[in-house]
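Chemist: structure, please.
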Amino acid sequence: MRNKWTLILGTLLLALAACSPAFAAGTPKAGSSGADARPVLLVVGDSLSAGYGLETGAGWVALLQKRLRERHAPWRVVNASISGETTAGGMSALPALLQRDQPKVVVIELGGNDALRGLSLAATESNLRSMASACQMFGARVLIIGMRIPPNYGPAYTRGFEAIFPRVARLQHTALVPFLLSGVVDHPDWFQADNIHPTAAAQPTMLDTVWPVLAPLLHLGTGKP
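Modeler: Prediction:
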């Protein structure tokens, strides 16, 4: 099972940056709300949150909006995730997103492409901290979503990368989901033909991984069923 996990996750990280930029399907585009007065939940991520290769409405972010609607929760989800995005790119785009969308909660799901490119762990951590700080200064609550890389990247880099996310969450006093693909990587059949991107079958599990941590930030209780 460890070898399958390594193969799947390794392949995932090796191709995240190869995807063309695209907004996730099934969620409103930034700035398209008109006079919509609902509080905004902004998601800033890469292809894992952009719904790459999925039909409209099948990605975990789109499923999140559907769950909120079913629970009559007055939140509007804006998915600003871009396939191939890095923490540096996210940090560069964030000020305009904050001004445009005025979010009350921001989910940051970035870092995998940094590892792919072998970027400095210190730079990745600094970018994530800067993003969290900018959101908090704007008055938004923050959720950091972590990623992991397989051991073939070298033990020091692997451990160092995984440790970034809980450290940023602790230092910036944000909420944390340690690993978005928890419960997914053990199911090779839950990946698309490229062995890179999770299929529609995996998206509910991804949402259920995020939900218990996100729901309290939305003032929706503990997130338990």
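Chemist: burial count for Ser126?
Modeler: By other C-beta atoms under 10 Å, the residues close to Ser126 number 16. All C-beta atoms are positioned from the backbone trio N, CA, C, and that covers glycine.
Chemist: same check on the one 5 residues further on?
Modeler: For Met131, the tally of surrounding residues (other C-beta under 10 Å) stands at 27.
Chemist: isn't there a helix covering it?
Modeler: Yes. Counting by DSSP: H, G, I helix; E, B strand; the rest coil, Met131 is located in a helix.
Chemist: surely it touches Glu109?
Modeler: No. Using C-beta atoms under 8 Å, Met131 is not in contact with Glu109, being 11.0 Å away.
Chemist: who touches both of those two?
Modeler: Val44 (C-beta atoms under 8 Å, 6 or more residues apart in numbering).
Chemist: residues near His187, how many?
Modeler: Per other C-beta under 10 Å, the neighbour tally for His187 reads 16.
Chemist: settle this for me: it is touching Thr199, isn't it.
Modeler: No. At 9.4 Å, His187 and Thr199 do not qualify as touching, with contact defined as C-beta under 8 Å.
Chemist: burial of Ser81, as a residue count?
Modeler: By other C-beta under 10 Å, 28 other residues sit near Ser81.
Chemist: and for the one 3 residues further on?
Modeler: Per other C-beta under 10 Å, the neighbour tally for Gly84 reads 20.
Chemist: got it, and the one 5 residues further on?
Modeler: Here the number of neighbours of Gly89 (other C-beta under 10 Å) works out to 18.
Chemist: and it, what helix or strand is that in?
Modeler: Per DSSP states H and E: Gly89 is located in helix 87-101.
Chemist: repeat for Lys66
Modeler: In this assignment (DSSP H and E), Lys66 forms part of helix 60-70.
Chemist: what is the mean pLDDT for that helix?
Modeler: Averaging pLDDT along helix 60-70 yields 97.
Chemist: buried sites along that helix?
Modeler: Trp60, Val61, Ala62, Leu63, Leu64, Gln65, Arg67, Leu68 (16 or more other C-beta atoms under 10 Å).
Chemist: before we move on, what about stretch 179-196?
Modeler: Phe179, Leu180, Leu181, Ser182, Val184, Val185, His187, Trp190, Phe191, Ile196.
Chemist: now the third one: how far from His72?
Modeler: Looking back up the chat, that one is Leu181. Distance of Leu181 to His72, given as C-beta to C-beta, to the nearest Å: 30 Å.
Chemist: cool, and the first one?
Modeler: In this structure, Phe179 and His72 are 30 Å apart, going by C-beta to C-beta.
Chemist: can you check the second one too?
Modeler: Counting by C-beta to C-beta, the separation of Leu180 from His72 is 27 Å.
Chemist: helix, strand or coil for the residue of the chain positioned farthest from its centre?
Modeler: Largest separation from the mean C-alpha position in the chain: Ala35, at 26.9 Å (C-alpha atoms, centre = their mean). Reduced to three states with three-state DSSP, the structure at Ala35 is coil.
Chemist: what segments of this structure are helices?
Modeler: Along the chain, counting by DSSP state H, helices occupy 2-15, 47-50, 60-70, 87-101, 112-116, 121-137, 155-172, 203-217.
Chemist: for those, which one sits closest to Ser81?
Modeler: Of all these, the one in closest proximity to Ser81, counting by C-beta to C-beta, is helix 47-50 (3.9 Å).
Chemist: burial of Pro155, as a residue count?
Modeler: By the measure other C-beta under 10 Å, the count of residues near Pro155 is 9.
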